[in-house]
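> only geometry, no sequence info:
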């Protein structure tokens, strides 16, 4: 199992943090990404602050002015300095005081933020390529968008990212 998990935290992320959003979702966090909402650029800051306050979410932003505005309204906000997603994960982890870990059974869909549940292999048959179906025993299904996940070649990337994170967070 890959380390990268702060289970159950709720965030709202600005438009510059799409990769961080996906990784936090994989780690089981409920992350609203402004880029998914179709909000006009001139309204995004107000929406981010409103969602952070109204839903008790932590705002994640690369914009120092937005961070300051959010703090003035009483929002919890983390100003992200790193441009590298692993560095960003380390920043969030340190500011929240928890280690991040990825476990497929606790992940959220990185695309839509929906809950991911283990799927019965019979339920997946015909919905993934035959070679994938034959090569894997475990599958997960997003309850919102229907996307199917398995520990394929990308799993090595996840493990490599987790290893980099572990080295940096210590």
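Thanks, I have the structure now. Nothing here was measured: the structure is a model prediction, and the numbers come from that model. Residues are numbered from 1 along each chain as shown.

> what's the one helix or strand residue 168 maps to packed up against?
Residue 168 belongs to helix 154-169 when assigned by DSSP states H and E. With contacts defined as 3 or more CB pairs under 8 Å, 6 or more residues apart in numbering; DSSP states H and E, the packing partners of helix 154-169 are helix 85-96. Yep, even glycine has a C-beta here, placed from its N, CA and C like the rest.

> all strands in the chain, in order from the N-terminus.
Along the chain, the segments classed as strands by DSSP state E run 10-13, 30-33, 58-61, 76-79, 116-119, 139-142, 148-149.

> The third one - contacts with which helices or strands?
With contacts defined as 3+ CB pairs under 8 Å, 6+ apart, the packing partners of strand 58-61 are strand 10-13, helix 44-54, helix 64-72, strand 76-79.

> tilt between the third one and helix 44-54?
It stands for helix 64-72. 30 degrees (axes from the mean of the first three to the mean of the last three CA atoms, to 10 degrees).

> Show me how far helix 64-72 is from its chain's centre.
22 Å (CA atoms, centre = their mean, to the nearest Å).

> buried ones in it?
Buried residues in helix 64-72, counting neighbours by 16 or more other CB atoms under 10 Å, are found at 66-67, 69-70.

> Pick the one among those closest to residue 51.
residue 70 (10.6 Å; CB to CB).

> was I right about the closest one contacting residue 52?
Yes - counting by CB atoms under 8 Å, residue 52 is a contact partner of residue 70 at 6.2 Å.
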